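Visitor: quick one: sequence and predicted model below, then my questions.
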Amino acid sequence: MGRMRVVSTTSTAHPAPSLLHSGIHSFATSVLSVVLGMVSSVVIARSLGPAAKGGADLIVATAGLLAMVLGLSLQSGVVYVVARGRAIISGLLLRLALVALMQTMLAAGLLVALVRIDLSSALLPPASEQWAVAAVALFVLGNLLAGHVRGILLGLQHIPRVNMIGLYGQALVLAMILIAAVLALVRGQRMTTSELVWIQVGGALALVLLLLRALRPSLTGSIQQESGFREVLAYSLPSYLANVVQFLNYRLDIFFVSFFVGIAGVGLYTLAVGIAQLLWLVSGAASQVLLPNVAASTDRGAAQQRTARISRLSLWLSMVLAIGVLLVGDALLPLVFGAAFRESVQALLWLLPGVVVFSVANVIGSYLAGIGKPHLNLAVALVGLVATIALDFALIPWWGIVGAAVASSVSYLVTTAAIVALFVRETRLPAVSTLLLTGDDLTLIVATMRRMVRVPRAT
């Protein structure tokens, strides 16, 4: 496979912002995203209740599972190849779109087959099969296309633009949910599972259009040229296995809860998971910026030091957020989401330790992918998946959603220990460099907070 350096992929774009600027912007927009997400969650919880919310969550989780299993993790390869300057954007986008259509048809076919042989009960709510299959297929298509376009923009390091588009998409979905909730209230009814799902499908497809509009100035080259697609595949396949396994670590417990506890249990558990994973606000923003930065870097030592610093900063900032959740969660969650969701509190508290520690894994995983070694992430993810499956079978039948939370938390702890060990082996840096704050870190936090006040005005 020949290597090419395509200058034209970035010549029409704005200069890539600095790592610090992109990190600050990602963090700031992530905060706004959390606010929008929390408002949406409150409206959904109070408008639907645990059972109807659980049905919608199960459909979304099924779409996510199919998109991950069939999607080949092409987005990670797209980010890497574009960041290395080896892609012809127009040709690459066309090939990715065609592949997404084929993957969507395969997803719909698989789901129809499962419905016909009566094996879809853990994937779809009862009596929803006819419309849910169509909704899942469109959701899969939207997720795949949005992921591909987002990957190209991230590879070009248009990170602030991607962040803002994500916010616009969330705001659009929230507006539609509010309208549907008000209309249902006027009718003296509750919003239904199907209404919520179709709103979310519409939001996913609208996000694709917004991302394509942002990408249009960077569409260069002929679609007949070698696009870099083969290199995307070569990079993505090892990443694919790692991402599928890690996705199962994140989401497999939802399907176990659906099977052992029921749809109402899914609604209760996914609320706890959604709140707990808000603690990944910091590490998620950092990892999004870090992957293209490491891939484009020529100074491996500096990239290692940046990764270690970002890991420990993410860990401690996540810990501060977790303490806040711990102090107010028991009283605030039922008050905000309704008394019907009180059972979510214990699951949330058991999730916190693992979620906090896993913020380190989020960051280091981006570094390993950025240096072209996604197979290491696969090894780590397999360790976590074994723990997830074993503990889900052992705990969920007896402890319900609390058992699922304990299983996830332990899996996150095991996965983080494994990936830190790999990072130490790859970099020769001590393990404490990813965990313990330094004086320079505190100075950087103060300087960053000051800059965050100025950045929104400048942008």
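Guide: Looks like it arrived, so ask away.

Visitor: just say helix, strand or coil for residue 189.
Guide: When classified by DSSP: H, G, I helix; E, B strand; the rest coil, residue 189 comes out as coil.

Visitor: what does it show for phi and psi?
Guide: phi -130, psi 180 (degrees, to the nearest 10).

Visitor: quick one: pLDDT of it?
Guide: On the pLDDT scale, residue 189 is placed at 83.

Visitor: now the helices for the chain?
Guide: Remark: helices assigned in the chain by DSSP state H are 8-11, 19-71, 74-83, 89-116, 129-155, 159-186, 193-215, 229-260, 263-276, 281-296, 300-337, 344-370, 374-427, 439-458.

Visitor: the inter-axis angle of the fourth one versus helix 74-83?
Guide: Right, helix 89-116. Put simply, helix 89-116 runs at 170 degrees to helix 74-83, going by axes from the mean of the first three to the mean of the last three Cα atoms, to 10 degrees.

Visitor: same thing with the fifth one?
Guide: Angle, helix 129-155 to helix 74-83, by the same axes, to 10 degrees: 20 degrees.

Visitor: what comes up buried for helix 129-155?
Guide: Of the residues in helix 129-155, 129, 132-133, 135-155 count as buried by neighbour count, 16 or more other Cβ atoms under 10 Å. For every residue, glycine as well, the C-beta is placed using N, CA and C.

Visitor: how much does that helix deviate in direction from helix 193-215?
Guide: 20 degrees.

Visitor: so which of the helices of the chain is the most packed in?
Guide: Between these, helix 74-83 has the highest mean count of neighbours, a mean of 27, where neighbours are mean count of other Cβ atoms under 10 Å.

Visitor: list of residues touching that helix?
Guide: Applying Cβ atoms under 8 Å, 6 or more residues apart in numbering, the contact partners of helix 74-83 are 9, 87, 89, 92, 96, 99, 147-148, 150-152, 154-157, 228, 231-236, 239, 243, 291-292, 295-296, 369-370, 372, 374.

Visitor: quick one: mean pLDDT for that helix?
Guide: Average pLDDT, helix 74-83: 84.

Visitor: got it, and stretch 400-417?
Guide: Here the average pLDDT along stretch 400-417 is 94.

Visitor: residues contacting stretch 432-445, please?
Guide: By Cβ under 8 Å, 6+ apart, stretch 432-445 touches 307-309, 311-313, 315-316, 360, 364, 420, 423.

Visitor: one more pass at 10 Å, please.
Guide: Identification of contacts with stretch 432-445 by Cβ atoms under 10 Å, 6 or more residues apart in numbering yields 20, 304-305, 307-317, 357, 360-361, 363-364, 416, 419-420, 423-424, 427, 430.

Visitor: please report how far the closest residue in space to residue 39 that isn't next to it in sequence lies from residue 285.
Guide: Leaving aside its sequence neighbours, residue 39 sits nearest to residue 174 (Cβ to Cβ, 6 or more residues apart in numbering; 6.1 Å). With distances taken as Cβ to Cβ, to the nearest Å, residue 174 is found 20 Å from residue 285.

Visitor: likewise for residue 54?
Guide: For residue 54, the distance to residue 285 - Cβ to Cβ - is 29 Å.

Visitor: what pLDDT does the residue most central in space within the chain get?
Guide: Nearest to the geometric centre of the chain sits residue 284, at 7.9 Å (Cα atoms, centre = their mean). Looking at residue 284, its pLDDT is 75.

Visitor: the one 4 residues further on too?
Guide: The pLDDT attached to residue 288 in the predicted structure is 67.

Visitor: likewise for the one 4 residues further on?
Guide: The predicted structure scores residue 292 at 69 on the pLDDT scale.

Visitor: repeat that for residue 180.
Guide: 91.

Visitor: equivalent analysis for residue 203, please.
Guide: Residue 203 is assigned a pLDDT of 93 by the prediction.

Visitor: what does residue 144 give?
Guide: pLDDT, read off for residue 144, is 94.

Visitor: the residue lying closest to it once chain neighbours are set aside and residue 34, how far apart?
Guide: Nearest in space to residue 144, with sequence neighbours left out and distances taken as Cβ to Cβ, 6+ apart, is residue 100 at 4.1 Å. Distance, residue 100 to residue 34, using Cβ to Cβ: 29 Å.

Visitor: do residue 441 as well
Guide: Look at residue 441 and residue 34: by Cβ to Cβ, they are 23 Å apart.
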